[in-house]
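J.: Give me a model of this one.
(2 chains)
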Amino acid sequence: MDLQARNNVRLAGVEDGPTIMLAHGFGCDQHLWRLVEDRLASSFRLILFDHVGCGASDPSAWDPKRYETLQGYADDILGIVRELDVCDVVFVGHSVAAMMGVLAVSTDPSRFARLVLLTPSPCYLDSGDYRGGFSRTDIDELLDSLERNYLGWSRSMAPVIMGTPDRPELSDELTDSFCRTDPACARVFARTTFLSDNRADLARVSLPTLVIECAHDTLAPRAVGAYVQQRIDGSELVTLDAVGHCPQLSAPDITAQAIAAFAATT
Amino acid sequence: MTPEPVLSESAEDLYENAPCGYIVARPDRGIIDVNATLLTWLGHQRNTLIDKPFTDLLAVGSRIHYETHFAPLLQLHGELTGITVDLVTAEGTRLPVFLSANIKSDIDGRPMLLRIVIHGAGERHSYERELLDERQRVERERARVQVFARTLQRSLLPPLLSPPEGLDASAHYHPASADDVGGDFYDLFPLTHDKWAFFIGDVSGKGAGAAAVTSLTRYTLRAAAVFDANPEAVLQNLHAVLSQEFRDTVNQFATVIFGILTPHDGEFDIELASAGHLPPLVLGADGGARYVDTIGGRPVGIPMEPKFVAARIRLGPGDTLVLYTDGLTEARIGDGAERYDYDGALLEFAAAQAPTSASGVVAAIRSLLDGFGSGVEDDVAVLALGVPVKMQPVPPRSPE
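T.: Reported below is the predicted structural model:
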């Protein structure tokens, strides 16, 4: 299978720069990196892609069995770097893609140089002393919310996508796929994201790792950021003065700076 | 007396007592103001909400959905329209609402304010719930029908082909629809120790009725071939059976090619007869392609005497015989009414493939069909029989 078509792989930036792979999390697609991409493109070679089931990935590649574990997504990431035959990749995973990165570099560290975990959470559910922040009931409520936005989703979002007069940097090329996912895929991805527990996998990471968290993020609270940093030997933690779970959009400058500073370190 | 101008008062009244909730927030989500309508709905005091993130008003599931989908949308597009979320009231109950929002930006495009409008979802919510339940029921049914159609279709095709030694066989079935069963069929099986039979055909119509006739046709052909392996006699038998089957219907028929294979010194003699089916192609070892002349027959099952056209060919090393159904030749290409084989495209395609192998030509036809996409409006069956070159060193054949 053509993995580049399967995952809608897109290369950007400068050819001779260090390679950064940007992986989006649950919810949207590679457009989420849009503002960060603009800020990194002059110094790095960028690999962007959509997870299968999201954005403009190949719908025929969807397999509910394969994607009910994060390893399925991690294997796709490994497939892409092998097909592109790139080495020394700095992998940047946002949200749940941070854990895909943890799994990918543990499975085959040979392709990767560094790991950046942006607003990661190894486990969203509370468990014993660990406070992921959510209960099983909360996740069921999310699944219900996904369902309820199912009907109007495709139609009500369409006009929104047409024009962005206040944000001239976003031209028409923003496809209408942004943040719109086949509900059947979204349901599986949501369960995989919020019911996985990858706390034990953190110790398998042997690469230099940067954890970036937001000061105010209800999905990945600061205690979780600290937990991830403690469980990965030698990792660093940066706290961005940002609100929400997607600092790539709410605070693109400081997010890009943090990634660039770490990725440029040798 | 002229009434006092009440514009400023009415603007405030419009805001405070509008038939919708209204929130103004900073880009960091801190609430600047909430109108009276929303305060009433939520049972909150205004001062308890000021400066709190408005996302705190969302139920947890809605908040996750907001953070992962709606916040990025709002940030990238500056606008959000009619999403469904639950708010939590002061008493802790859920309030289903529709939420729309836009961003006020400064001259440099930096967000200054979030304006959020909230409509009670109330009855429309339960109406949408019903629609959603119905839609999910339909999708479940559709999935069930697809499994049923796929299973039935598979039951009409041979699980594997049984070619004689020294002959490669390959086949492909391309269903035009996942929801329906087509009437195309094929088979290849041994008859005696030195004779093999094959057939391909197409029963008119689609669905369960066509599937039942297809099944009857396959068993009739297999049984008839055992009694008398003469291809025309086999087709005559099929005609007798289908004429009875179709006696109360109109416009039901089947086109079929039936053939007998006899190995002969590393080559294969093929006797075949066609009942109105599309002519087979021979892709020669010499790189040429030609039709086997079986044109002029009439389908079986029609309320008149059928007419069969017989032909004899010999397949040598490197030769491949290709049988197919009209879903291939009738595939729509382009936007208009044009069909794939209106101008001899299939013969050109075959010549471009030759010389080839049974699996090679079937793979080529598969990618041809993939390229047609939704232009393939009818099912396609392809059966290819080829004599591999590498079986034995063969002296050059003399021209026929």
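J.: From the chain's centroid, how far away is the longest helix seen in chain A?
T.: Across chain A, the helix with the greatest residue count (assigned by DSSP state H) is helix A:70-84. Averaging C-alpha positions (CA atoms, centre = their mean, to the nearest Å) puts helix A:70-84 13 Å from its chain's average.
J.: right, quick check: it against chain B, any contact?
T.: No: applying CB under 8 Å from any CB of the partner chain, one finds helix A:70-84 separated from chain B by no less than 15.5 Å. (Glycine included, C-beta is placed from N, CA and C.)
J.: got the buried residues for that helix?
T.: By neighbour count on 16 or more other CB atoms under 10 Å in any protein chain shown, the buried set for helix A:70-84 is A:70-81, A:84.
J.: In the residues you listed, find the pair that's most separated.
T.: A:Leu70 and A:Leu84 (21.2 Å; CB to CB).
J.: quick one on the thing from earlier: just the buried residues of helix A:70-84 now: which is nearest A:Ala260?
T.: Distances from A:Ala260 to the buried residues of helix A:70-84, taken by CB to CB, are shortest for A:Val81, at 20.2 Å.
J.: what's the closest non-adjacent residue to that closest one?
T.: A:Arg111 (4.6 Å; CB to CB, 6 or more residues apart in numbering or on different chains).
J.: how much space between the one you found and A:Phe91?
T.: 9 Å (CB to CB, to the nearest Å).
J.: who has more neighbours, the two?
T.: A:Phe91 (29 against 22; other CB atoms under 10 Å in any protein chain shown).
J.: what number of residues lie near B:Ala289?
T.: 23.
J.: Let me see the contact set for it.
T.: B:281-283, B:347, B:350-351, B:353-354 (CB atoms under 8 Å, 6 or more residues apart in numbering or on different chains).
J.: let's see it at 10 Å
T.: Contact analysis of B:Ala289 by CB atoms under 10 Å, 6 or more residues apart in numbering or on different chains lists B:281-283, B:320, B:322, B:346-356, B:361.
J.: List phi and psi for it.
T.: phi -140, psi 140 (degrees, to the nearest 10).
J.: Also B:Ala171?
T.: Torsion angles, degrees, to the nearest 10, at B:Ala171: phi -140, psi 160.
J.: That one against B:Phe199, yeah?
T.: No: applying CB atoms under 10 Å as the test, B:Ala171 and B:Phe199 come out as separate, 11.6 Å apart.
J.: quick revisit: okay, and the common contacts of A:Arg111 and A:Phe91?
T.: What both A:Arg111 and A:Phe91 touch, as defined by CB under 10 Å, 6+ apart, is the set A:19, A:21, A:77, A:81, A:104-105.
J.: Okay, now the unreliable bits of the chain?
T.: No chain specified, so I'll use chain A. When residues are selected by pLDDT under 70, those of chain A lie in A:1, A:150-181, A:266.
J.: meant chain B, my bad for not saying
T.: For chain B (pLDDT under 70), the answer is B:1-9, B:390-400.
J.: change it to 80
T.: Residue ranges of chain B with pLDDT under 80: B:1-9, B:122-129, B:131-132, B:135, B:250, B:334-336, B:390-400.
J.: can you pull up the bridge partners for A:Leu117?
T.: Note on A:Leu117: beta-bridge partners by DSSP bridges are A:Gly93, A:Val211.
J.: Which residue does the stretch 1-150 of chain A have closest to chain B?
T.: A:Glu141 (2.7 Å; CB to the nearest CB).
J.: Just give the closest residue to that residue, not the sequence neighbours.
T.: Going by CB to CB, 6+ apart, A:Glu141 has B:Gly61 as its nearest residue, at 2.7 Å.
J.: give the contact list for the one you found.
T.: A:134, A:137-146, A:148, B:85-86, B:94.
J.: Quickly check: stretch B:149-168 near chain A or not.
T.: No: against chain A, stretch B:149-168 shows no contacts by CB under 10 Å from any CB of the partner chain, the least distance being 15.7 Å.
J.: How about that stretch, which residues are buried there?
T.: Applying 16+ other CB under 10 Å to stretch B:149-168 flags B:149, B:152-153, B:156-157, B:161, B:163-164, B:167-168 as buried.
J.: Next, give me the two most distant ones among these.
T.: Greatest spatial distance in those: B:Ala149 and B:Pro164, 33.1 Å, computed using CB to CB.
J.: Whatever residue of chain B ends up closest to chain A in helix, strand or coil?
T.: For chain B and chain A, the shortest gap (CB to the nearest CB) falls at B:Gly61, measuring 2.7 Å. Following DSSP: H, G, I helix; E, B strand; the rest coil, B:Gly61 is assigned to helix.
J.: mind listing the strands for the stretch 151-266 of chain A?
T.: Taking DSSP state E, counting those that start in this stretch as the criterion, the stretch 151-266 of chain A contains strands spanning A:209-216, A:236-243.
J.: hmm, I was thinking of the stretch 101-250 of chain B
T.: Going by DSSP E, counting those that start in this stretch, the stretch 101-250 of chain B shows strands at B:111-120, B:168-174, B:184-192, B:195-203.
J.: Which residues of the stretch 1-150 of chain A lie near chain B?
T.: Residues of the stretch 1-150 of chain A found near chain B (CB under 10 Å from any CB) are A:24-29, A:31-32, A:34-35, A:95-96, A:119, A:124, A:133-135, A:137-150.
J.: Of these, keep whichever come out buried.
T.: A:24-29, A:31-32, A:34-35, A:95-96, A:119, A:124, A:133-134, A:138-139, A:141-143, A:145-150.
J.: Out of those residues, which sit inside helices?
T.: Per DSSP H, those map to helices at A:34-35, A:96, A:138-139, A:141-143, A:145-148, A:150.
J.: Export those to TSV and append columns for distance to A:Thr218.
T.: As requested, these are exported to TSV (distance: CB to CB, whole Å):
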residue	distance to A:Thr218
A:Arg34	23
A:Leu35	22
A:Val96	15
A:Asp138	11
A:Ile139	14
A:Glu141	14
A:Leu142	13
A:Leu143	18
A:Ser145	15
A:Leu146	18
A:Glu147	22
A:Arg148	20
A:Tyr150	24
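J.: Out of these, flag the one nearest to B:Leu383.
T.: Nearest member of those to B:Leu383, counting by CB to CB, is A:Tyr150, at 43.5 Å.
J.: Report the buried residues of stretch B:307-317.
T.: In stretch B:307-317, counting by 16+ other CB under 10 Å, buried: B:308-309, B:311, B:313, B:315-317.
J.: Near chain A, list only the ones from those.
T.: Counting by CB under 10 Å from any CB, no member of the buried residues of stretch B:307-317 is near chain A.
J.: nearest to B:Phe258, of the residues you listed?
T.: B:Phe308 (8.9 Å).
J.: Who are the contact partners of that closest one?
T.: For B:Phe308, counting by CB under 10 Å, 6+ apart, the contacting residues are B:231-236, B:239, B:256-258, B:272-276, B:294, B:296-298, B:300.
J.: And for B:Glu305?
T.: Contacts of B:Glu305 by CB under 10 Å, 6+ apart are B:236, B:239, B:298.
J.: again with B:Pro111
T.: A:166-167, A:250, B:26-28, B:74-75, B:78, B:103-105 are the contacts of B:Pro111 under CB under 10 Å, 6+ apart.
J.: ok, and the closest non-adjacent residue to it?
T.: B:Pro27 (4.1 Å).
J.: What ranges does the stretch 101-250 of chain B have for its helices?
T.: Remark: helices assigned in the stretch 101-250 of chain B by DSSP state H, counting those that start in this stretch are B:122-155, B:207-227, B:231-245.
J.: Can you say which of those helices is packed in most?
T.: The highest average neighbour count among the helices of the stretch 101-250 of chain B, using mean count of other CB atoms under 10 Å in any protein chain shown, belongs to helix B:231-245 at a mean of 20.
J.: Fine by me, thanks again.
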